[in-house]
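Novice: predicted model and sequence below, questions to follow.
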Amino acid sequence: MAGDKVRALTFGEVAEEYDRVRPGYPPELFEDILGYSSPSTALEIGAGTGKATLVFASRGVQVVALEPDPGMALVLRQHVAALPVTIAMGSLESYEPEKPVDLVYSAQAFHWTAPETRWNRTAAALRPGGSLALFWNVERVADSEQRRQVETILSEYELKWPGEWPESDHLEPYAEMAELPEFGELRQEIYRWERTLATADYLAHLGTQSAYLMLEDEERDELLDRLRAVLPEPVTLEMATILYLAKRV
């Protein structure tokens, strides 16, 4: 493993590829978030290249987009140049908001925040009655036999599918959020969909994930070659997008 890397800051190495091959999010998710509290201002934690930023800003929400990685922020800046977005270089731990916002959200990034301070800092950034929205995509190869073959290869590299596949009613961090005195009206939504893409694009997508970026180049190339040998053309993925909503008490 590339032990000198900071895992949360590896994405900038592949920012353009990340922007090209990473999936977005279901339209219904954004409708649910915007309908939950009708925000006009928002703070985004870990904006990346702007896959969620663009949607909120195009709907008229004024977004402060936090992004700690300069490579990711460069692509983000190109996407949001004409939109009501302010890019703030930094993390949740380093950012001091000028005033509370209507919405704090994080797409595919909240797990990178510091567990000991994330909830207090998130609550402090929200006005009373404001909303918190956390969401992630999780995925797996749709065909069960192909999925078993992929899982066998991944296990040899001590890897697995990114995220927890939603088999139960309530997933993490639902239980943790339910215990927080700063938040109420907790909701969880799961959106299930499919994504089909060329095998080369799927392998490129895997190569933008932090667990793969942390591998040495030779080991990562070997792994992707082995996966290429068992994957179909094209690859169909089962997708589940998990959303958590809560109100600031």
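Specialist: Received it, and whenever you're ready, just let me know what you need. Residues are numbered from 1 along each chain as shown.
Novice: mind listing the helices for the protein?
Specialist: Ranges of helices within the chain are 15-21, 27-37, 53-58, 70-79, 118-125, 144-156, 174-178, 199-206, 210-213, 217-230, based on DSSP state H.
Novice: pick the most buried one from those helices.
Specialist: helix 53-58 (a mean of 20; mean count of other C-beta atoms under 10 Å). Using the backbone N, CA and C atoms, a C-beta is placed for each residue, glycine as well.
Novice: next, count neighbours for the nearest residue to A246 once chain neighbours are set aside.
Specialist: Nearest non-adjacent residue to A246, counting by C-beta to C-beta, 6 or more residues apart in numbering: F183, 4.0 Å away. Neighbour count of F183, defined by other C-beta atoms under 10 Å: 21.
Novice: before we move on, what about E158?
Specialist: 8.
Novice: ok, F11 touching M72?
Specialist: Yes: taking C-beta atoms under 8 Å as the definition, F11 is a contact partner of M72 at 5.6 Å.
Novice: what's the overlap in contacts for those two?
Specialist: Y18, G48 (C-beta atoms under 8 Å, 6 or more residues apart in numbering).
Novice: now do the same contact list for the residue positioned nearest the centre of the chain.
Specialist: For the chain, the residue nearest the mean C-alpha position is Q108 (1.1 Å; C-alpha atoms, centre = their mean). Applying C-beta under 8 Å, 6+ apart to Q108 gives the contacts G46, G48, F135, W136, N137.
Novice: again, only using 7 Å
Specialist: Contacts for Q108 (C-beta atoms under 7 Å, 6 or more residues apart in numbering) come out as W136, N137.
Novice: next one: F11
Specialist: Applying C-beta under 7 Å, 6+ apart, the residues near F11 are Y18, G48, D69, M72, T208.
Novice: farthest pair in those?
Specialist: Farthest apart among these by C-beta to C-beta are D69 and T208. That separation is 12.4 Å.
Novice: compare those two (neighbour count), which wins?
Specialist: D69 (23 against 20).
Novice: that one and G129: what is the separation?
Specialist: Distance of D69 to G129, given as C-beta to C-beta, to the nearest Å: 32 Å.
Novice: could you do S37 as well?
Specialist: 7 Å.
Novice: ok, F56 next?
Specialist: Counting by C-beta to C-beta, the gap from F56 to G129 is 18 Å.
Novice: wait, what's in contact with T113?
Specialist: I45, L92.
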